[in-house]
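Colleague: structure for this input, please:
(one chain, ligands or ions: 1)
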Amino acid sequence: MKVRETALPGVLILEPRVFGDSRGFFIETFQTERYAELGITQPFVQDNHSRSARGVLRGLHFQRSRPQGKLVRVSRGCVFDVVLDINPDSPTCGQHASAILSDDNHLQMWVPPGYAHGFCVLSEIADFEYKCTDFYQPQDEGGVLWNDPALAIDWPVSDPKLSDKDRQNPTLQTLLASRHS
Ligand SMILES: Cc1cn([C@H]2C[C@H](O)[C@@H](COP(=O)(O)OP(=O)(O)O[C@H]3O[C@H](C)C(=O)[C@H](O)[C@H]3O)O2)c(=O)[nH]c1=O
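Modeller: The predicted model follows:
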């Protein structure tokens, strides 16, 4: 497996080994020992699968008191995936890492607990599948506005389809200010 570090501490882009043959391909999408060697040691307790159409943007989400680590991949289609540092004590707070994840490049993103995460869909349909290190806690959910100008995230969509919740997410500055109030 090839591993690329990013500008964000602990955020990794992983390229699993692909075994192709005349029938298609085979990939081990997760394996405890191999991923533990990369520091991905927290047990996964929940698997998620979302399907979205072209132009959908989900994010940027996080859980406050029960932060989820996420090992994300795309099993169908193509997305622009974004991880945002929202830790005010981090030297990279406000910075983001991004990658194109697709069923062609088979790339995965490891999002350690404590980061915000989101993606937008670049193909007709995208199946987004990911493993989480903690359970979904709806009352614990938080979000950051996808197009917060201070973040300068170069989303490859201009007028994405958002949930009502995501349309109302605060800017990072507002979020961090509310934590100290
Ligand atoms: C996340 C989640 C949602 N749900 C239910 C709650 C809603 O009735 C429905 C859609 O939820 P939501 O609109 O929050 O789904 P996404 O916008 O895809 O949320 C995810 O989007 C970004 C990309 C993330 O990184 C997070 O994993 C997660 O926040 O699924 C569940 O039952 N369990 C869950 O773990």
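
Colleague: pull the contacting residues for the residue lying farthest from the centre of the chain.
Modeller: Outermost residue of the chain with respect to the C-alpha centroid, by CA atoms, centre = their mean, is S22; its distance is 32.2 Å. For S22, no residue meets the contact criterion (CB atoms under 8 Å, 6 or more residues apart in numbering). Where you see a C-beta, it was placed from the backbone N, CA and C, and this is true even at glycine.

Colleague: quick check on it: phi, psi?
Modeller: For S22, the backbone dihedrals (degrees, to the nearest 10) come out as phi -60, psi -20.

Colleague: pLDDT at it, what is it?
Modeller: Note on S22: pLDDT of 98.

Colleague: what bridges to the spatially most central residue of the chain?
Modeller: Closest residue to the average C-alpha location of the chain: H117 at 4.1 Å, with CA atoms, centre = their mean. In this entry, H117 is beta-bridged to H61, V83, by DSSP bridges.

Colleague: circling back to that earlier point, where's the residue farthest from the centre of the chain relative to the ligand, distance?
Modeller: Computed as CB to the nearest ligand atom, to the nearest Å, the S22 to the ligand distance reads 36 Å.

Colleague: show the contacting residues for the residue nearest to the centre of the chain.
Modeller: With CB under 8 Å, 6+ apart, H117 has these contacts: 59-62, 70, 72, 81-84, 111.

Colleague: and the ligand, which of the residues you listed reach it?
Modeller: Among the contacts of H117, proximity to the ligand is found for 59, 61, 70 (CB under 6 Å from any ligand atom).

Colleague: which of the contacts of H117 are buried, as a ChimeraX select command?
Modeller: Remark: buried members of these, expressed as a ChimeraX selection using 16 or more other CB atoms under 10 Å:
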select :59,60,61,62,70,72,81,82,83,84,111
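
Colleague: which residues of this structure fall in strands?
Modeller: Secondary structure of the chain (DSSP state E): strands at 2-5, 12-15, 18-21, 24-27, 46-53, 57-63, 70-76, 78-85, 96-102, 108-111, 115-121, 125-132, 141-143.

Colleague: dump those strands into CSV; add distance to K165 as well.
Modeller: As requested, the strands of the chain are exported to CSV (distance: least, CB to CB, whole Å):
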stretch, distance to K165
strand 2-5, 31
strand 12-15, 28
strand 18-21, 36
strand 24-27, 33
strand 46-53, 14
strand 57-63, 9
strand 70-76, 18
strand 78-85, 17
strand 96-102, 20
strand 108-111, 19
strand 115-121, 12
strand 125-132, 17
strand 141-143, 7
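
Colleague: looking at the ones next to the ligand among the contacts of H117, which is nearest the ligand?
Modeller: Nearest to the ligand among the ones next to the ligand among the contacts of H117: H61, at 3.3 Å, using CB to the nearest ligand atom.
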